[in-house]
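> need a 3D model of the following:
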Amino acid sequence: MNRIKKLLLVVLLSSVAGVTSFAQNINKTDVKSIMKRVADWQIANPNKDAEHDDLDWTHAALYMGMVDWADLTEKEDSDSTYYKWLLRIGQRNHFQVGKRMYHADFIAVGQPFIDLYIKYGNKKMIAPVMARANWIVDNPAETTLELDYRKSETLDRWSWCDALFMAPPVYAKLYALTQNKKYLDFMNKEYKVTYDFLYDKDELLFYRDWRYFDKKEANGKKVFWGRGNGWVLGGLAEILQVLPKEESSYDFYKQLFVTLATRVAELQSPDGYWHASLLDPASYPSPETSATGFIVYALAYGVNEGLLDKASFMPVIEKGWKALVDAVEPDGKLGYVQPIGADPRKVTREMTEVYGVGAFLLAGCQIYKMIN
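As a prediction, this is how the structure comes out:
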């Protein structure tokens, strides 16, 4: 029996009865209520870190969750509050992307801006990100994937796994919008280079970057970052939402999504969270909601789209969502968000970050969608 079939057996924790219990235990009113609390708290308590401004990757992840939440509230409640909030951010920044030309983190904000363009049709919303993408496609970076923070050019390509959330969906969305193959060809080429470099075909997980190839956790296991693999899964969900199924590369992303989702599902901790270190959670016992949020988002999306088996994954999704809800304070503050950084580290309930809120809202919108 091959590895994937074994993993599927591990994940197969329940039958249709487990699916039924999800609808009984989680209802739309509660899901919507807690999403509103979390979204409203974040808007009332903006990130004031000068190093991470409106156009930073941290906020890009927040806006992506807010776009889904804004769409839900507008369609169901005729409430345009959250779209207006997103528009104000875009307008005061003239819908620009970040300063560094190649760096994946500085084009990530283009994803929600493309979504706003699709909704409103104002070319000013898409012109900057399209100009940046066009320049990169026409002038691709030629540098090693061996990341070295002392050499900024090593960040010009997708040399760390979370870059696969930040940049590839921009090119997928531009391709879906324009049907110009240059965006798809560029994404496919660069994604597969990163995949070949950072994906461990034995553990079926992504290293954060090449510096972790030979590192070991306290228990002797390899080092795989929870949020890093959550970033990859979330990015795959974004790509699959817009990439036409008839495209030849669709099956690559689909199979990678299913394989990674299946592997990550078996690594969920008994408390429902995915911890900072996937293979040595005991050394990092704190809950971690940004990893958990992105993973729950991706798994719920996979079930909603029929990519993942409902009976197998619903118990994992339910446990993960309940863990996320438990991390929300009465005022709506989401806690246990691992701070910015490459390494797994201790996380406390007081810690929050905007990208954790984005992940929570992405997950919540998919949870809401799956409840009848």
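> how many neighbouring residues does residue 319 have?
Residue 319 has 19 neighbours, counted by other CB atoms under 10 Å. C-beta coordinates here come from the backbone N, C-alpha and C atoms, glycine included.
> any idea which element it lies in?
Residue 319 is located in helix 310-326, with elements delineated by DSSP states H and E.
> now swap in residue 129 and tell me
Residue 129 belongs to helix 127-138, assigned by DSSP H and E.
> which helices and strands does that helix pack with?
Helices and strands touching helix 127-138, as assessed by 3 or more CB pairs under 8 Å, 6 or more residues apart in numbering; DSSP states H and E, comprise helix 110-120, helix 168-178, helix 181-198.
> buried set for it?
128, 129, 130, 132, 133, 136, 137 (16 or more other CB atoms under 10 Å).
> reformat the helices and strands packed on helix 127-138 as a markdown table; add mean pLDDT.
As requested, the helices and strands packed on helix 127-138 are exported to a markdown table (pLDDT from 0 to 100):
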| stretch | mean pLDDT |
| --- | --- |
| helix 110-120 | 98 |
| helix 168-178 | 98 |
| helix 181-198 | 98 |
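> okay if I get those helices as CSV plus distance to residue 312 and mean neighbour count?
Compiled in CSV, the helices and strands packed on helix 127-138 are given as follows (distance: least, CB to CB, whole Å; neighbours: other CB atoms under 10 Å):
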stretch, distance to residue 312, mean neighbour count
helix 110-120, 30, 22
helix 168-178, 26, 23
helix 181-198, 25, 18
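> now those as a markdown table including distance to residue 231?
What follows is the helices and strands packed on helix 127-138, written out as a markdown table (distance: least, CB to CB, whole Å):
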| stretch | distance to residue 231 |
| --- | --- |
| helix 110-120 | 13 |
| helix 168-178 | 11 |
| helix 181-198 | 12 |
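> of all the ones you listed, which lies closest to residue 332?
Across the helices and strands packed on helix 127-138, residue 332 has its closest neighbour in helix 110-120 (21.0 Å, CB to CB).
> can you tell me what sits against that closest one?
For helix 110-120, contacts defined as CB atoms under 8 Å, 6 or more residues apart in numbering pick out 60, 63-64, 66-67, 83, 86-87, 90, 95, 97, 122-123, 125-126, 128-129, 132-133, 169-170, 173-174, 177, 238.
> try it again at 7 Å.
With contacts defined as CB atoms under 7 Å, 6 or more residues apart in numbering, helix 110-120 is touched by 60, 63-64, 67, 86-87, 90, 95, 97, 125-126, 129, 169-170, 173-174, 177.
> what do you get for stretch 211-220?
By CB under 7 Å, 6+ apart, stretch 211-220 touches 147, 207, 222, 223, 277, 279, 280, 282, 283.
> and if you look at stretch 77-94?
For stretch 77-94, contacts defined as CB under 7 Å, 6+ apart pick out 39, 43, 54-55, 63, 66-67, 69-70, 73-74, 112-113, 116, 125.
> quick one: which of the residues you listed is most hemmed in?
With neighbours defined as other CB under 10 Å, the most crowded of those is residue 113; it has 29 neighbours.
> shouldn't residue 38 be in contact with residue 332?
Yes: between residue 38 and residue 332 there is a contact under CB atoms under 7 Å: 5.0 Å.
> more neighbours, these two?
residue 38 (27 against 19).
> show me how far the helix or strand in which the more buried one is found is from its chain's centre.
Here residue 38, judged by DSSP H and E, is contained in helix 28-44. Centroid separation for helix 28-44 versus its chain: 19 Å, with CA atoms, centre = their mean, to the nearest Å.
> relative to helix 310-326, how tilted is that helix?
50 degrees (axes from the mean of the first three to the mean of the last three CA atoms, to 10 degrees).
> and the helix or strand following helix 28-44, average pLDDT?
Once helix 28-44 ends, the next helix or strand along the chain (criterion: DSSP H and E) is helix 57-77. Averaging pLDDT along helix 57-77 gives 97.
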